[in-house]
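Asker: got a predicted structure plus its sequence, pasted below:
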Amino acid sequence: MDVVFLDANVLFSAAYRADAGVRRLWRVKRGNLITSAYAVEEAYRNLDEAAQRERLQALLRSVRVVPEARDRRLPNTVQLPEKDRPILLAAIAAGATHLITGDVTHFGPYLGRAVEGVLILRPAQYLARRSPDR
């Protein structure tokens, strides 16, 4: 069973438009969706319309919010901006199998790679590996 950590930009994209393709993540079976309060706050902060925030709230009903990883540090081989570190650290601490992100600027060098057991992928990469029924 996959434990899929959703980055703030994935939450944002799923809530931004009701027909967003990234919402297919919510239909994948045999996967548990998780995120952190940090990611949720960032997604909410960037959504301008009440309808978007309501969509995010509805989507979060099936996403487990995990604690922040305050006492963890990234491996020396991973260089991320300060704002992105809590995302990867929370995914690692929660035992996620995957971190799904659309942030190719900062996570790009790690796409397709595992960091402390967490495979970092873009939504389309993950969905290509999983059909909605598996």
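Answerer: Thanks, I have it.
Asker: these two touch, right, Ala96 and Ile34?
Answerer: Yes - using Cβ atoms under 8 Å, Ala96 makes contact with Ile34 at a distance of 6.3 Å. Any C-beta I mention is one placed from the backbone N, CA and C, and that applies to glycine too.
Asker: of these two, who's got more company?
Answerer: A count of neighbours by other Cβ atoms under 10 Å puts Ala96 above the other of Ala96 and Ile34, at 26 against 20.
Asker: give me the three-state assignment for the more buried one.
Answerer: Judged by DSSP: H, G, I helix; E, B strand; the rest coil, the three-state class of Ala96 is coil.
Asker: the residue lying closest to it once chain neighbours are set aside: what secondary structure?
Answerer: The shortest distance from Ala96 to any non-neighbouring residue, by Cβ to Cβ, 6 or more residues apart in numbering, is to Phe5 (4.0 Å). Under three-state DSSP, Phe5 falls in the strand class.
Asker: where do the helices sit along this protein?
Answerer: Here the chain has its helices, by DSSP state H, at 8-16, 37-46, 50-60, 85-93, 104-107, 123-129.
Asker: tabulate these (CSV), appending distance to Asn76 and mean neighbour count.
Answerer: Formatted as CSV, the helices of the chain follow (distance: least, Cβ to Cβ, whole Å; neighbours: other Cβ atoms under 10 Å):
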stretch, distance to Asn76, mean neighbour count
helix 8-16, 25, 23
helix 37-46, 22, 17
helix 50-60, 34, 15
helix 85-93, 13, 23
helix 104-107, 17, 15
helix 123-129, 26, 16
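Asker: to Val66, which of these lies closest?
Answerer: helix 85-93 (5.9 Å; Cβ to Cβ).
Asker: and the closest one, what's its mean pLDDT?
Answerer: Helix 85-93 carries an average pLDDT of 96.
Asker: likewise for stretch 32-43?
Answerer: For stretch 32-43, mean pLDDT rounds to 97.
Asker: and what of stretch 15-26?
Answerer: Stretch 15-26 comes out at a mean pLDDT of 96.
Asker: how far off centre is that stretch?
Answerer: Averaged C-alpha coordinates place stretch 15-26 at 13 Å from its chain's average position (Cα atoms, centre = their mean, to the nearest Å).
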